[in-house]
Each structure stands twice: as structure tokens, then as C-alpha cells.
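In: sequence plus the predicted model coming up.
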Amino acid sequence: MNLIHSINDFNEAKQVIPGGVNSPVRAFGSVGGVPRFIARGEGAYIYDEDDNAYIDFVQSWGPLIFGHRDSEIELALLESVKDGLSFGAPTEKETTLAKQIISMYEGIEKVRLVSSGTEATMSAIRLARAFSGKDDIIKFEGCYHGHSDSLLVSAGSGCATFGAPSSPGVPKDLSKHTLVARYNDIESVKKCFEESQNVGCVIIEALAGNMGFVPADKAFLTQLRDLCNKYDALLIIDEVMSGFRASLKGALGVYGVEADLVTFGKVIGGGMPLAAFGGKADIMDMLSPVGAVYQAGTLSGNPIAVSAGLACLLKLKAQPEIYQRLDSLAKQLTLGLKEIAQKFKIPLQVDHRGSMFGFFFNDKIVKNFDDAKRSDTAMFAKFHQKMLEKGVYFACSQFETGFICTPMNEALIQEVLEKAEQSFDEILYEQ
């Protein structure tokens, strides 16, 4: 496989961009090799600058549920461009998109559009603190909610004490307001509430996608909802990744557990930078200019992103049957990988919900970040490299989620499984 352009591009990028990338995981640091510099995408495939083709299971980390260059989304975007790129003023499309989100997701009465998932979660937490009148928050180790200061916190001892900053530049005085619990462990959450009488909100990915793919247990989510009610804390469910991805109603459609505030991103932008947070009107109306909680953004709800997102949501709403087909393809892929791994006596755990999937080189089921960290990351790196050489582009970290898109079909998944079998065979032969 010729990689001369990607090699040269990466070396050049490192001269002017820290690490050569604008988001750390893209550097291939945990899997080795050269990050592919992508020139274009089409359907289920991406093509690098050396014109190598890859079956893409990253799909821009989730937004592209219809694959690359979907004709209807592309047309909506191009038509919008003709009217202007951004106005910094209200447009009718923003209201139309907000209405669509509200109509498709139960329990939400008002939404605020922003430009990124980080903005959505950061703003939702600020709003929740204001509404509850309490400063402390509970998050879960292994859940990623963006890079705002309050959320870049790792667990303290026992996962039930106040967290410590997990990145330089995060003040200890700020991180002391963040408590860290263990995912799928309700007792650790109870301890957090007992540790602090000042918890204003709990934030969680109901379908965790940043410690690998780890779904919450339904009983755990239900108990979490009950605890928030008991302690008068708001429950924020982060659906930036899972919203309109795992099902037409996201994680809500999977579990049926309602949040007080929900954050969205990825799919609602159809591939463009767009996110949102929403909830009941009495909470949302605390936002400026109605209320005193300040939040703003020059490009929030910009017409280009809104047009792409609106086209994507309308297409999903018109074709809800696609979720069953995507789920079937994800099942074919994950169970196929599991069966092949068993043939080679390689421990592998798999799971999926809708079009989201993940796999761990681990001999035990992964229920939380501690379990995930016990996975064989060296084996993942070898497998990733072998599959990449064969034209299959999986997420470049053991601790990320994969995505199926509508241009994929059973024949393509079978092709991937055959390449996986070849890869496992080569790995064992080389050991």
C-alpha cells in the first residue's frame, strides 16, 4: 500500500499543528503507523491522498448515518450556500430544525442550537447548576462529554470522591466540584450523593462511546433517574453520539428513561458542525435572553449546518425502517468477529445498539472503564494495522465506537469478516 502522500502530509502538518492533528486520536498514537490523510469520501468508503480506498466504520465519528456525500443532504447544503454562509441573525430554518428535534424526541419542549458537543454539554451543566441552585456535578469515569474544564476530571480513590484534574490547565478549585462515579455501578453514585449535599446534576452517556462501546444497564439508568429525583438533581443524558443514531429516538428509544436535559450533536448536523441541548420549558427558559443564564455563539444555528442537519433528520423520519437494517448489519459484523476470534482462540467481547458497535480484546464482558482498561490494546493495534492494510478503516483506538451507514450491505460486511479472518491468521502466524 503506497502511503507516500500521507507520510509527507503528516510530517508537514507536525511543523505547524501540534502533533500534526486537530484532534488527538487522529494521530494514531495508540495503534501505530501513519494516520491516513483523507482526500474524499463516497458512500461507505473514504479515499486517502494516495488514492487508497477504505471501508469506513468511523463515518466522521458518527454523524454520517447515510454515508459520505449523501445526495439529498449535499443538495440541501449546496442550495443553502447560495443564500449566504452565515448571518449572525435568526433564520426560519433554526425554528424548523428545533421543531423537528422536539417532535422526534419525547420530553423536550425547547432546544438551543450550538456548534459543538462540547458547547452543548458545557451549557447544559451551567443551566442545570442554575436551575438546581447547587454547584457539584457527578460524571462517570470513561464517559467523555467534551473538553470543558469541569469534565476533564479523572476518578478519585474509590470512584466516590471529588475528582482530580486529568489535564494540565484545569484548576483544582474547579475540579473539586466534580465527583466521579463508576459506570453501571449505582452504589458508587449513591456514595457520591452522600459525599456531597450540593449535587446539582448528573451527566452520563446512556450508550457510552468513548471507553469503547459500553451500553448502560437499564436497571442502572432507572435507578440513576430515581436517585436524581430523590436528591433534587437534574439528570443530563448526553446523546451527542447516540442521538438519532442508536434509534430514531436515540438512547431514549433503547431505554425509555427520560432526562431533564439532553445534549445532541453528530447526526443532527448531517456532517456539519452543529449540536444542541434541550429540556422542559421551565428549565430552558432560564437561558438568556429570557432568563439570567448566559450562553451565546456567533455561529450557533448557522444556516449551512442547519440545512444539512434538517435534511438528515427529515430523511431519517421518513425512513424509520433503516434502523432495523442498520442494527442487522451491526449484528452481522459483531457476531461474525466474535465467531472468527473464537476460531483462533482470541478473547473478544462485542456489543452493538442500532448502528453503533464496539469490540474489546478482553476475556470478560466490559461494563465500565476499569473493565475496558484491562483489554489487550496491543492486540487491538495489531488488528487495526492489519485491517487498515486490507482497506478497512476502524476507529484508531480500542476506546472508541464504530458506526454502520446505510450504503453498507451484507456483502460488504461479509467482505470485512473475511479480511478479519485473514488478519487474525497473520497475527498469530507472526507471533
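Out: Thanks, I have the structure now.

In: where's the residue lying closest to residue 294 once chain neighbours are set aside relative to residue 316, distance?
Out: Spatially, and ignoring its direct neighbours in sequence, residue 294 is nearest to residue 288 (4.9 Å; Cβ to Cβ, 6 or more residues apart in numbering). Heads up, the C-betas are built off the backbone N, CA and C, glycines and all. Going from residue 288 to residue 316 by Cβ to Cβ, to the nearest Å gives 31 Å.

In: for residue 106, same thing?
Out: 16 Å.

In: more neighbours: these two, which one.
Out: residue 316 (22 against 11; other Cβ atoms under 10 Å).

In: in a helix, that one, correct?
Out: Yes. Residue 316 sits within a helix when classified using DSSP: H, G, I helix; E, B strand; the rest coil.

In: let me know whether it touches residue 244 as I believe.
Out: Yes. Judged on Cβ atoms under 8 Å, residue 316 makes contact with residue 244 at a distance of 6.0 Å.

In: identify the contacts common to those two.
Out: Taking Cβ atoms under 8 Å, 6 or more residues apart in numbering as the criterion, residue 316 and residue 244 both touch 65, 267.

In: checking residue 112 next. Helix, strand or coil?
Out: strand.

In: let's see the pLDDT reported for it.
Out: Confidence at residue 112, expressed as pLDDT, is 98.

In: and residue 30, by the same measure?
Out: 89.

In: now it, nearest residue through space, not along the chain?
Out: With Cβ to Cβ, 6+ apart, the residue lying closest to residue 30 is residue 397, at 5.0 Å.

In: residue contacts, that neighbour?
Out: Counted by Cβ under 8 Å, 6+ apart, residue 397 has contacts 25, 30, 31.

In: closest to residue 306 among these?
Out: Closest approach to residue 306 among the contacts of residue 397 (Cβ to Cβ): residue 25, at 27.4 Å.

In: is that closest one in contact with residue 210, as I believe?
Out: No. Judged on Cβ under 8 Å, residue 25 makes no contact with residue 210 at a distance of 9.6 Å.

In: okay, those two: which has more neighbours?
Out: Higher neighbour count among residue 25 and residue 210: residue 210, with 21 against 18, using other Cβ under 10 Å.

In: all the strands of the stretch 51-200 of the chain, residue numbers only.
Out: 53-56, 110-114, 136-140, 153-154, 164-165, 178-181, 199-204 (DSSP state E, counting those that start in this stretch).

In: let's have the ones you listed in CSV, adding distance to residue 347.
Out: As requested, those are exported to CSV (distance: least, Cβ to Cβ, whole Å):
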stretch, distance to residue 347
strand 53-56, 25
strand 110-114, 41
strand 136-140, 25
strand 153-154, 27
strand 164-165, 32
strand 178-181, 27
strand 199-204, 28
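
In: reformat those strands as JSON lines; add mean neighbour count and distance to residue 404.
Out: What follows is the strands of the stretch 51-200 of the chain, written out as JSON lines (neighbours: other Cβ atoms under 10 Å; distance: least, Cβ to Cβ, whole Å):
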{"stretch": "strand 53-56", "mean neighbour count": "20", "distance to residue 404": "10"}
{"stretch": "strand 110-114", "mean neighbour count": "23", "distance to residue 404": "27"}
{"stretch": "strand 136-140", "mean neighbour count": "27", "distance to residue 404": "25"}
{"stretch": "strand 153-154", "mean neighbour count": "20", "distance to residue 404": "31"}
{"stretch": "strand 164-165", "mean neighbour count": "16", "distance to residue 404": "36"}
{"stretch": "strand 178-181", "mean neighbour count": "27", "distance to residue 404": "31"}
{"stretch": "strand 199-204", "mean neighbour count": "25", "distance to residue 404": "24"}
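
In: check those for me: which has the lowest mean pLDDT.
Out: strand 164-165 - the lowest mean pLDDT of the strands of the stretch 51-200 of the chain, at a mean of 62.

In: low-confidence ranges in this structure?
Out: 154-165 (pLDDT under 70).

In: distance from the centroid: which residue in it tops it?
Out: Distance from the centre of the chain peaks at residue 429, with 35.2 Å (Cα atoms, centre = their mean).

In: who touches the helix or strand encompassing that residue?
Out: Assigned by DSSP states H and E, residue 429 belongs to helix 410-430. With Cβ under 8 Å, 6+ apart as the test, helix 410-430 has contacts from 44, 55, 329, 332-333, 336-337, 340-341, 343-344, 346, 379, 382-383, 386-387, 390-392.

In: so which of those belong to strands?
Out: 55, 392 (DSSP state E).

In: now, which of the contacts of helix 410-430 lie within helices?
Out: When the contacts of helix 410-430 are checked against helices (DSSP state H), the matches are 329, 332-333, 336-337, 340-341, 343, 379, 382-383, 386-387.

In: buried subset of the residues you listed?
Out: Using 16 or more other Cβ atoms under 10 Å as the burial test, those include 329, 332, 333, 336, 337, 340, 341, 379, 382, 383, 386, 387 as buried.

In: got a list of what the third one touches?
Out: When contacts are counted by Cβ under 8 Å, 6+ apart, residue 333 is found next to 352, 357, 404, 413, 416, 417.

In: the second one now?
Out: Listed by Cβ under 8 Å, 6+ apart, the contact partners of residue 332 are 410, 413, 414.

In: how does this protein divide into domains?
Out: Listed domain ranges for the chain are 4-69+321-430, 72-318 (source: automatic domain parsing).

In: from the chain's centroid, how far away is the longest one?
Out: Right, domain 72-318. Domain 72-318 sits 11 Å away from the centroid of its parent chain (Cα atoms, centre = their mean, to the nearest Å).

In: can you give me the end-to-end distance of that domain?
Out: 13 Å (Cα to Cα, to the nearest Å).

In: what's the closest non-adjacent residue to the residue nearest the centre of the chain?
Out: Central residue of the chain (Cα atoms, centre = their mean): residue 241, 3.2 Å from the mean position. For residue 241, ignoring the flanking residues on the chain, the nearest one in space by Cβ to Cβ, 6+ apart is residue 209 at 4.4 Å.

In: same question for residue 272.
Out: residue 305 is the one closest to residue 272 (Cβ to Cβ, 6+ apart), at 3.8 Å.
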